[in-house]
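Chemist: missing the sequence, but the structure's below:
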């Protein structure tokens, strides 16, 4: 049997390079609603309110340019809210700030889309109950239908937005790649994510544990990869339950021919387009 990730695998912290940390802090705090846990002149760590749970790490250095749209690497990272009412309160908050957002009903989830001051893509979403997800044979059905924003906002009732609530996580990553076949070889065959949606135009969605997707990949851009002095995704984390799971994941990647570097903070590997992934233990 090919290697498969454990059902409990999920996305962890995202690490972003930005051109101005203080400007980025203001955006992620005031617009997105994350709380600053730590901050220096050149770096910051943020997460939801309540129990400390870091989700986003920001860093900068001199000479960082805004993100190049369409570069291989980050399309967006997706912040998953624990309930639809929180998404409604967030949508009302954006309206009060006169912040424009893209939006979509994906059948399995409802989403709002934004870009940070450097142009890095962000999705904020809430899942529909799994009992409402539909399948065609083995493939999960997803779409990008119009979102009923009024109904989403109404779900919040009188709830006020007070920042990202406890229980907020990074639900998934979505990456620009150069080839879906190469993405499948790396993320499905070697890393061990299951294919969930494969007939969506120009995209492949993968997950562990039957989730709709922990990772989306698409060929909607011609690249090339982001440069080291661009605002960009530096790396993202995949969290597995135990050290044995992490070692097995690293072994599968190495056997498939990918270079895995063991560090004190997990097993680090780059996909075929240079996007860095770190497999860590919960």
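Modeler: Thanks, I have the structure now. The structure presented is a predicted model; accordingly, all values stated were derived computationally and were not measured.
Chemist: hey, let's count contacts and neighbours off CA atoms from now on
Modeler: OK.
Chemist: what's near enough to touch residue 16?
Modeler: 56-59, 231-235 (CA atoms under 8 Å, 6 or more residues apart in numbering).
Chemist: Name the nearest of those residues relative to residue 86.
Modeler: Closest approach to residue 86 among the contacts of residue 16 (CA to CA): residue 56, at 19.3 Å.
Chemist: Give me the distance between the closest one and residue 224.
Modeler: 25 Å (CA to CA, to the nearest Å).
Chemist: Compare those two and say which one has the larger neighbour count.
Modeler: residue 56 (22 against 15; other CA atoms under 10 Å).
Chemist: which stretches of the protein form helices?
Modeler: 21-27, 84-96, 149-154, 180-183, 243-255 (DSSP state H).
Chemist: Now the third one: buried residues?
Modeler: By neighbour count on 16 or more other CA atoms under 10 Å, the buried set for helix 149-154 is 149, 152-153.
Chemist: Packing partners of that helix?
Modeler: On a contact count with 3 or more CA pairs under 8 Å, 6 or more residues apart in numbering; DSSP states H and E, helix 149-154 meets helix 84-96.
Chemist: again, only using 10 Å
Modeler: Applying 3 or more CA pairs under 10 Å, 6 or more residues apart in numbering; DSSP states H and E, we find helix 149-154 packed against helix 84-96, strand 102-105, strand 109-115.
Chemist: now the second one
Modeler: With contacts defined as 3+ CA pairs under 10 Å, 6+ apart, the secondary structure elements packing on helix 84-96 are strand 109-115, strand 121-127, helix 149-154.
Chemist: ok so, going back, tell me the one among the contacts of residue 16 nearest to residue 263.
Modeler: Nearest member of the contacts of residue 16 to residue 263, counting by CA to CA, is residue 235, at 14.0 Å.
Chemist: quick one: pLDDT of the closest one?
Modeler: Listed pLDDT for residue 235 reads 98.
Chemist: right, and it touches residue 15 too?
Modeler: Yes - counting by CA atoms under 10 Å, residue 235 touches residue 15, with 5.3 Å between them.
Chemist: Show me whatever sits in contact with both of the two.
Modeler: Contact criterion CA atoms under 10 Å, 6 or more residues apart in numbering; residues shared by residue 235 and residue 15: 57, 276.
Chemist: what's the closest non-adjacent residue to residue 84?
Modeler: Leaving aside its sequence neighbours, residue 84 sits nearest to residue 126 (CA to CA, 6 or more residues apart in numbering; 5.4 Å).
Chemist: For that neighbour, the count of nearby residues, please.
Modeler: 23.
Chemist: Tell me the predicted confidence for it.
Modeler: Looking at residue 126, the pLDDT reads 98.
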